[in-house]
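*Asks:* sequence and predicted structure are below.
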Amino acid sequence: MPADALDQLRWLRTPEGAAATARAAALLEGGADLLPGLGRLRAEVGPDHAGPAWELARLRARARPVFGPEADLLFLTADTLEQAGRPALAARRARRLLADGSDSSVDLGCASGTDTVALARAGASVLAVDVDPLARELTAANAEALGVADRVWVVAGDAVELVAAAAGGEVAGCAAAVLDPARRAGGRRLLDPDRWSPPWTTVSALLDRAPRAVVKVAPGLDHDRVPAGVEAEWVSSGGSIVEALLWGRAVSTVWRRATLVRGDEVLELTAHADPGPAPVGPVGGWLHEPDPAVIRSGLVSMVAADLGATLVDPTIAYLTSDAAADSPWVTSYRVDEVLPFGLKRLKALLRARGVGRVVVKKRGSPIEPEQLARQLRGPGAGSATVVVTRVAGAPTALVCGVAG
């Protein structure tokens, strides 16, 4: 952020700033391009304010699909919008965290206040803490804009120090705690939890000292990192993991949880202990791709048992059976051909079956799906899905759902 970002944000909160942002939004909605639009805005509100107003209007437009009408009230930066997550999921976390009637929570690293607002709306008095003055100003602004400022106190503080000082199951005197470590730096994801901010030592300490806590973590977190007695949950929507959570021991009820969000519907699959691997068997008439939340939570064998399915390979999370599946936890493909993977043979088979349009999926293979799809494109009018994977250890292509 530029050095004067805090001053810019404070100006954007004024009536003049609100009017400038509304004007920028109108220009954007009218299809104005960047340079002409900014030129007009500079002429109307001045060169010092046009850029911040334009950027905020642009970020609000980006936020609208996730935040709905409230996006037009929010104060955001590109980084905090990236980290904010979905308000419906924040509300779900807050309800579960406070389900015992706890009426106070600390948001350790409040960013733009998404969790702070959700906790306040769930009935808690919230202490929003951050070392960054811009984050504190954003949280205060958003709490006021969304009508919960009377339940929110924004203060300067370091999550590492507050967790280290936690006592009696409370952090900063609050009965519940939320922590969302920063997992990006310089525009890149930090894969090593020890490099998060705050680092893994603080995550682990919070889960030990505050039984009513929830920590947002990277979806790829190694299961060996999850402390004993702590529930790990992976949440998916639209075929992608949208968040991964570690629940404190007072909130945890199971070993692992896979959650699937489909609009207003929320489905959950849980296990109280490791269910172990699914059996392996030959490829049948159907291939089933488990939802990513099922894969990451280690619950593939539970879905396999429910479907009467087996793995195609002990190291690959594809299931197979002779029967079609009616399960929200898998996407199924009818298997038409199974052959050792080889480009010439695969192209010949597709052309013989009149397939010209191909979608390529892979798991356990180094191929590039887009490149292979181009190579397999042909004159035929039919379509198919080609899955490149390992079957019993051998590189294999499965031609599925041939149509046309």
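*Replies:* On my side now, so go ahead.
*Asks:* please enumerate the strands of the stretch 1-150 of the chain.
*Replies:* 104-108, 125-130 (DSSP state E, counting those that start in this stretch).
*Asks:* tilt between the first one and strand 125-130?
*Replies:* Here the directions of strand 104-108 and strand 125-130 differ by 10 degrees (axes from the mean of the first three to the mean of the last three CA atoms, to 10 degrees).
*Asks:* for strand 104-108, which outside residues touch it?
*Replies:* 94, 97-98, 113, 115-116, 119, 124-129, 139, 159, 162-163, 171-180, 198, 206 (CB atoms under 8 Å, 6 or more residues apart in numbering). Yep, even glycine has a C-beta here, placed from its N, CA and C like the rest.
*Asks:* any of those buried? List them.
*Replies:* Burial of the contacts of strand 104-108 was assessed by neighbour count (16 or more other CB atoms under 10 Å); the buried members are 94, 97-98, 113, 115-116, 119, 124, 126-129, 139, 159, 162-163, 171-172, 174-180, 198, 206.
*Asks:* show me those residues that map onto helices.
*Replies:* Secondary structure assignment (DSSP state H) places A94, L97, D115, T116, L119, T139, A159, L162, V163, L206 from these within helices.
*Asks:* now those in a markdown table, with distance to R151 and pLDDT?
*Replies:* Below are these laid out as a markdown table (distance: CB to CB, whole Å; pLDDT from 0 to 100):
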| residue | distance to R151 | pLDDT |
| --- | --- | --- |
| A94 | 12 | 97 |
| L97 | 15 | 98 |
| D115 | 13 | 96 |
| T116 | 9 | 97 |
| L119 | 8 | 98 |
| T139 | 12 | 97 |
| A159 | 21 | 97 |
| L162 | 20 | 98 |
| V163 | 23 | 98 |
| L206 | 22 | 98 |
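*Asks:* now flag whichever of those is closest to R212.
*Replies:* Nearest to R212 among those is L97, at 6.6 Å by CB to CB.
*Asks:* pLDDT score assigned to L35?
*Replies:* Confidence per residue is given as pLDDT, and for L35 that number is 88.
*Asks:* cool, the one 10 residues further on as well?
*Replies:* The per-residue pLDDT reported for V45 equals 90.
*Asks:* mind listing what it touches?
*Replies:* Counted by CB under 8 Å, 6+ apart, V45 has contacts E16, A19, A20, R23, A53.
*Asks:* so how far is A250 from the residue most central in space within the chain?
*Replies:* Nearest to the mean C-alpha position of the chain, counting by CA atoms, centre = their mean, stands V242 at 2.2 Å. Note on V242: its distance to A250, by CB to CB, to the nearest Å, is 25 Å.
*Asks:* circling back: quick check: which of the strands of the stretch 1-150 of the chain is nearest to K347?
*Replies:* strand 104-108 (55.1 Å).
*Asks:* partners of that closest one, with directions?
*Replies:* Sheet pairing of strand 104-108 (DSSP bridges) gives strand 125-130 (parallel), strand 176-179 (parallel).
*Asks:* closest to P193 out of the strands of the stretch 1-150 of the chain?
*Replies:* Of the strands of the stretch 1-150 of the chain, the one closest to P193 (CB to CB) turns out to be strand 104-108, at 15.8 Å.
*Asks:* the strands of the stretch 1-150 of the chain into JSON lines, with extra columns for mean pLDDT and distance to P193?
*Replies:* Supplementary listing: these in JSON lines, determined by pLDDT from 0 to 100; distance: least, CB to CB, whole Å:
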{"stretch": "strand 104-108", "mean pLDDT": "98", "distance to P193": "16"}
{"stretch": "strand 125-130", "mean pLDDT": "98", "distance to P193": "20"}
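*Asks:* to P227, which of those lies closest?
*Replies:* strand 104-108 (17.5 Å).
*Asks:* that's all I had, so thanks and see you.
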